[in-house]
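Just to be clear, the model below is a prediction. Sequence and coordinates:
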Amino acid sequence: MSLLRDHDLARAFDHASHTYDGLTALNPGYRAGLLRSARRLRLPDGGAGLHLLDLGCGTGASTRALLRAAPGARITAVDASAGMLRRALAKPWPARVRFLHLTAEELAKAEEGPFDAVFAAYLFRNVTDPDAVLRTVRTLLRPGGRLAVHEYTLSGSRAHRALWTAVCRGIVIPAGTLTGDRVLYRHLRHSVIAFDTAPAFAERLTRAGLTSVRTVPVAGWQKGIVHTFLAGNGGPTTTRERTQ
Ligand SMILES: C[S@@+](CC[C@H](N)C(=O)[O-])C[C@H]1O[C@@H](n2cnc3c(N)ncnc32)[C@H](O)[C@@H]1O
């Protein structure tokens with residue numbers, strides 16, 4: 001199956017936006033996993049005085065996690081899908097959270113930042129050129145800034161790949177078919193299989209020049225299927241080094 005990319009992917013997310021929160025609520029641990037990954041950034045003082053970027057914010061579930069992890073921070077949340085952003089904007093947010101309709105690729109020229117930390121949840125598997133987006137992330141991060149990527153990345157074991165296939169065939173694709181979004185949820189299944197394994201993505205981060213790269217598993221049924229990747233942008237750290 002060919003994967004959805006760019007405009008086609010944004011349109012598929014536009015269409016799926018009205019049922020996205022309902023479907024992800026059925027996934028045990030979806031929100032708790034996002035919160036755990038955001039907290040792994042270990043942002044000091046509740047994020048007071050920091051400017052954070054939520055890249056690929058969707059309907060705002062990852063933005064909410066970032067806000068809970070750093071309630072004092074200013075947050076810029078960016079997404080390529082107008083439909084997903086409309087859902088995010090319909091929710092209550094403090095004034096220091098703002099949403100922008102931009103692709104990760106456009107952000108390179110958008111004169112945004114610098115940011116003290118970047119959070120990207122379920123994004124990298126979807127972009128056409130992950131290395132280019134990582135280069136953009138590096139230019140947007142302050143020296144010493146932190147990156148947390150929360151992503152479907154298989155461990156490399158056959159058991160985890162088989163579990164992912166079974167969950168997609170038995171639950172994700174049938175549920176997505178009921179909401180009229182079969183193409184997007186088939187993309188989800190295949191994009192995870194086609195994307196980097198967790199060790200390969202960690203290597204990709206290192207190749208991109210990010211420092212102190214660490215991979216931490218996500219708990220629950222997604223263990224071995226979703227990971228948090230933590231990395232720094234060299235320089236003096238603006239966030240605490242230790243991770244939970
Ligand atoms: C699976 S959703 C995750 C949303 C949110 N981060 C969450 O954790 O619930 C992926 C999001 O990435 C966005 N996206 C995909 N490719 C993108 C790109 N190149 N630039 C910006 N956003 C993108 C999609 O529009 C979609 O809203």
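Yep, it's here.

Just give me the neighbour total for L123.
L123 has 23 neighbours, counted by other Cβ atoms under 10 Å. Every C-beta, even on glycine, is put in place using the N, C-alpha and C of the backbone.

Paired strands for the top strand by length along the chain, with orientation please.
Assignment by DSSP state E gives strand 141-152 as the longest strand of the chain. Strand 141-152 pairs in its sheet with strand 115-121 (parallel), strand 226-232 (antiparallel), by DSSP bridges.

tell me the contacts of R138?
A208, G209, L210, N233 (Cβ atoms under 8 Å, 6 or more residues apart in numbering).

again with L34
A61, S62, R64, A65, A121, H150.

want to try JSON lines for the residues you listed, with distance to the ligand and neighbour count as columns?
As requested, the contacts of L34 are arranged in JSON lines below (distance: Cβ to the nearest ligand atom, whole Å; neighbours: other Cβ atoms under 10 Å):
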{"residue": "A61", "distance to the ligand": "4", "neighbour count": "23"}
{"residue": "S62", "distance to the ligand": "4", "neighbour count": "28"}
{"residue": "R64", "distance to the ligand": "9", "neighbour count": "22"}
{"residue": "A65", "distance to the ligand": "8", "neighbour count": "24"}
{"residue": "A121", "distance to the ligand": "4", "neighbour count": "26"}
{"residue": "H150", "distance to the ligand": "7", "neighbour count": "26"}
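
A95: which of these is nearest?
R64 (15.6 Å; Cβ to Cβ).

picking up where we left off before, okay, the strands paired with strand 141-152, which one's buried deepest?
Highest mean neighbour count among the strands paired with strand 141-152 (mean count of other Cβ atoms under 10 Å): strand 115-121, with a mean of 27.

what's in contact with it?
34, 37-38, 41, 43, 50-56, 58, 61-62, 65-66, 70, 73, 76, 137, 140-142, 145-151, 238-239.

and the residue of the protein nearest the ligand?
Residue nearest to the ligand within the chain: G58 (2.4 Å; Cβ to the nearest ligand atom).

Any chance of the strands paired with strand 141-152 in JSON lines with mean pLDDT as columns?
Output for the strands paired with strand 141-152, formatted as JSON lines (pLDDT from 0 to 100):
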{"stretch": "strand 115-121", "mean pLDDT": "98"}
{"stretch": "strand 226-232", "mean pLDDT": "98"}
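
between those strands, which one is nearest to T165?
Per Cβ to Cβ, nearest to T165 of the strands paired with strand 141-152: strand 226-232, 15.2 Å.

and the contacts of R138 as CSV, adding neighbour count?
Below are those laid out as CSV (neighbours: other Cβ atoms under 10 Å):
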residue, neighbour count
A208, 18
G209, 12
L210, 23
N233, 26
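
Distance to P174 added to the strands paired with strand 141-152, as CSV?
Converted to CSV, the strands paired with strand 141-152 look like this (distance: least, Cβ to Cβ, whole Å):
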stretch, distance to P174
strand 115-121, 24
strand 226-232, 21
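
State the distance from the closest residue to S155 other than its chain neighbours to R161.
Distances taken as Cβ to Cβ, 6 or more residues apart in numbering place G224 nearest to S155, at 4.1 Å, with adjacent residues excluded. Counting by Cβ to Cβ, to the nearest Å, the separation of G224 from R161 is 9 Å.

what do you get for M84?
For M84 relative to R161 (Cβ to Cβ), the value is 28 Å.

Report the contact partners of A159.
If you count contacts by Cβ under 8 Å, 6+ apart, then A159 has G224 around it.

likewise the one 5 residues further on?
With contacts taken as Cβ under 8 Å, 6+ apart, W164 has the following neighbours: Y152, L154, R189, V192, I193, I225.
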